[in-house]
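Colleague: Model the structure of this input:
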Amino acid sequence: MSGSASIRDSRMKFAKGVLSAFMAVVTVVGFTPIVPYQAHAEELAAAQQETVADEVDEATSSPSVEESAAQQTATANEAVATQEEAGVEADAQLQAQSEDEGTALQPMSGVSCMVGDTFYETIQDAVNALAEGTGGTIKMIGSPEAAFVTVNNSSDLDIEIDLNGKTVPVKGITVGNNSTVLFTDTSSETPGKVVQEGSDGSLFELNPGDATTDGGCIMLSAGTFESTYTAVSANSKSMVIVNEGASLTSSTRAIYASDATVNVNENASVSGYIELVGTAGLSLGSGAKVKTAEGTTQPAVSLSNTATLYMNTDSAIIAGGPALSIANTAEATISGATVTAANDAISASGGMVTVTNGSTINVTGESSAAINVTDGTIDVMNTDANDSTATKVT
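Modeller: Got it, this is the predicted structure:
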């Protein structure tokens, strides 16, 4: 009897050990037991009392607890590995989707420019995005279809357009009051250009200011800007600035300024005639040039009303026809500069022209006058720097 009890106890301990090991494996793998531990143990003990020998034989021939655990663990590891592979594949798919959506720094077909890390199909789209703040930089990465662009914000909107060596066709660019558009070029290649296409209006239209705000402003600091019509139309209180490294070109009128300010700064150039009316003012910096094509009938620079011109040392007006026309009470000062014309170099029907500091007035055409005065005042003075004649007629 005691031997049977001992065998029974041994069997119970063995059964409980098997069950405990199985429960441990189940817990490691992450399954939840379906049958409570105690109920399962009682059923297993009853079965073992009836078929002790068979169970011993079966237990002897069955895999060990350690082997079962190892097999379960291997299965779990395979599942984890499969899940990790699926995660890597999903990440790759998300990355590909991200690139398709344009969030990666890769240009897409149809894209013409970018602001920061965001691509835009049109310049207007980029301008609209920047208009939500106070401005920013638009970098050209392609050539868009020619379209009208409007920068119109009365809250000091400053936009820089980096041409990046690209040719940018536009129908026209309008700059609203109190807003500024600056053109630059950061490429190491030939500077880019803005070319007017599909319109007979102005390449740049600068809206007027009012009692409390300035008009629109453009600053051309790099590149070439081409129009076959009026390149810039500058209205009241607006401003045009052409800096060294930039060239403004028109086969007809380059700039029309009404009560506006025009600065062609050091070593910059304008091709096409300039017309100033009202209180408009034009300043030519040292080395700056205004040129018109041979046979042009319009004066290279014309002043009327109370408009003003100041030519600094080494600046020049080089005209294929007449060079400078003065009317009404307009005033022009030519200080150490050069005026060269195929026809009349200076024609005054009113106003005042002051020529000083060794300036040179050249006429290349026959039967033309260096200075033709029908009214107004021409004041030619010797330079203070040396004793040479301020005006030379050739």
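Colleague: CA only for contacts and neighbour counts going forward, please
Modeller: Noted.
Colleague: so what's the nearest residue to Tyr273 once chain neighbours are set aside up against?
Modeller: Distances taken as Cα to Cα, 6 or more residues apart in numbering place Ala300 nearest to Tyr273, at 4.4 Å, with adjacent residues excluded. Ala300 is in contact with 272-274, 290-292, 317-319, 321-324, counting by Cα atoms under 8 Å, 6 or more residues apart in numbering.
Colleague: let's see it at 6 Å
Modeller: Residues counted as contacts of Ala300 (Cα atoms under 6 Å, 6 or more residues apart in numbering) are 273, 292, 319, 323.
Colleague: Selecting buried members of the residues you listed in ChimeraX, what would you type?
Modeller: In ChimeraX, selecting the buried portion of the contacts of Ala300, with burial taken from 16 or more other Cα atoms under 10 Å, looks like this:
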select :273,292,319,323
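Colleague: could the contacts of Ala300 go into CSV alongside secondary structure?
Modeller: Formatted as CSV, the contacts of Ala300 follow (DSSP: H, G, I helix; E, B strand; the rest coil):
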residue, secondary structure
Tyr273, strand
Thr292, coil
Ala319, strand
Ala323, coil
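Colleague: Kindly reformat the contacts of Ala300 as JSON lines containing pLDDT and distance to Thr167.
Modeller: Compiled in JSON lines, those are given as follows (pLDDT from 0 to 100; distance: Cα to Cα, whole Å):
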{"residue": "Tyr273", "pLDDT": "97", "distance to Thr167": "24"}
{"residue": "Thr292", "pLDDT": "96", "distance to Thr167": "24"}
{"residue": "Ala319", "pLDDT": "95", "distance to Thr167": "28"}
{"residue": "Ala323", "pLDDT": "96", "distance to Thr167": "32"}
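Colleague: how many other residues sit next to Thr297?
Modeller: Taking other Cα atoms under 10 Å as the neighbour definition, Thr297 ends up with a count of 15.
Colleague: er, Lys166 I mean
Modeller: 22.
Colleague: Would you confirm that it contacts Gly192?
Modeller: Yes - using Cα atoms under 6 Å, Lys166 is in contact with Gly192, at 4.6 Å.
Colleague: Can you tell me the strand partners of whichever helix or strand Val270 is part of and which way each runs?
Modeller: Element membership of Val270, judged by DSSP states H and E, is strand 269-277. Here the strand partners of strand 269-277, with direction, are listed using DSSP bridges: strand 246-258 (parallel), strand 289-291 (parallel), strand 301-303 (parallel).
Colleague: do you know how far Leu284 is from Thr354?
Modeller: Separation of Leu284 from Thr354 (Cα to Cα, to the nearest Å) stands at 15 Å.
Colleague: who's more crowded, those two?
Modeller: When Leu284 and Thr354 are compared for neighbours, Leu284 comes out ahead with 28 against 15, by other Cα under 10 Å.
Colleague: So in terms of bridging, what pairs with the more buried one?
Modeller: With DSSP bridges as the rule, Leu284 is bridged to Val264, Met311.
Colleague: State the pLDDT value of it.
Modeller: You'll see Leu284 listed with a pLDDT of 98.
Colleague: Leu206 too?
Modeller: 96.
Colleague: Pretty sure it sits against Asp214.
Modeller: No - the pair formed by Leu206 and Asp214 falls short of the contact definition of Cα under 6 Å, at 10.4 Å.
Colleague: Need the overlap of contacts for the two.
Modeller: Shared contacts of Leu206 and Asp214 (Cα under 6 Å, 6+ apart): none.
Colleague: Which one of these two is surrounded by more residues?
Modeller: Taking other Cα under 10 Å, Leu206 and Asp214 do not tie; Leu206 has more neighbours (31 against 21).
Colleague: Please name the residues that touch the more buried one.
Modeller: Leu206 makes contact with 174-175, 216, 234-235, according to Cα under 6 Å, 6+ apart.
Colleague: And Asp158, by the same measure?
Modeller: By Cα under 6 Å, 6+ apart, the contact list for Asp158 reads 135, 179-180.
Colleague: from the strands paired with strand 269-277, which stretch is densest packed?
Modeller: Here the criterion is mean neighbour count by mean count of other Cα atoms under 10 Å, and of those the winner is strand 301-303, at a mean of 26.
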